[in-house]
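A.B. asks: Provide a 3D model corresponding to the input given below.
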Amino acid sequence: MDKKEVYETTQKYLIPCVATYYKEPLVLDRGKGKYVYDLDGKEYLDFLGIVTISVGHCDEEITAKIGEQMKRLQHTSTFYPNVPIVSLAEKLAQITPGKLQKSFFTNSGAEAVEPHSSGATLYEEP
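C.D. replies: You can find the predicted model right below:
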């Protein structure tokens, strides 16, 4: 697809609240490190930094680890413990200062308030 086709398809199939904030937004094709590239190959320094790229785009070591994990287990809920989640929680407990020893993993900030807003009791250490 070229830029025009992407814009037209966006208007046709994405609801209006999926805002781009620009009359003609960049149509991103790929990313590497701190840069993103449009469909024409023009390079841009990515200052947006939304959660998923806190380590840069397509870091080779991270991409390899993700590929390994995707071959084992692509997605699960926190209802089911697994080695990666408990290993990460343990590592965070080791490097976090003070009494912060428990982790709560979520997809976004919205889930951070769900247990409380649903009436569930928040876990606190005695």
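A.B. asks: which one is Asp2 nearest to, not counting chain neighbours?
C.D. replies: Leaving aside its sequence neighbours, Asp2 sits nearest to Leu39 (C-beta to C-beta, 6 or more residues apart in numbering; 6.6 Å). Bear in mind the C-beta positions are built from the backbone N, C-alpha and C, glycine included.
A.B. asks: right, and the one you found touches Lys4 too?
C.D. replies: No. Leu39 is beyond contact range of Lys4, at 10.3 Å (criterion: C-beta atoms under 8 Å).
A.B. asks: neighbour count for the two, which is higher?
C.D. replies: Neighbour totals were compared for Leu39 and Lys4, and Leu39 leads with 15 against 10 (other C-beta atoms under 10 Å).
A.B. asks: report pLDDT for Asn107.
C.D. replies: As summarised for this prediction, Asn107 has a pLDDT of 68.
A.B. asks: actually, Tyr44.
C.D. replies: Listed pLDDT for Tyr44 reads 92.
A.B. asks: which residue sits closest to it in space, ignoring its chain neighbours?
C.D. replies: Residue nearest to Tyr44 in three dimensions, not counting chain neighbours: Val36, with 5.3 Å by C-beta to C-beta, 6+ apart.
A.B. asks: wait, the one you found touches Phe47, no?
C.D. replies: No. With contact defined as C-beta under 8 Å, Val36 does not count as touching Phe47 (10.1 Å).
A.B. asks: still on that earlier bit, what average pLDDT does the helix or strand harbouring the residue nearest to Tyr44 get?
C.D. replies: Using DSSP states H and E, Val36 falls within strand 35-38. Mean pLDDT, computed over strand 35-38, is 93.
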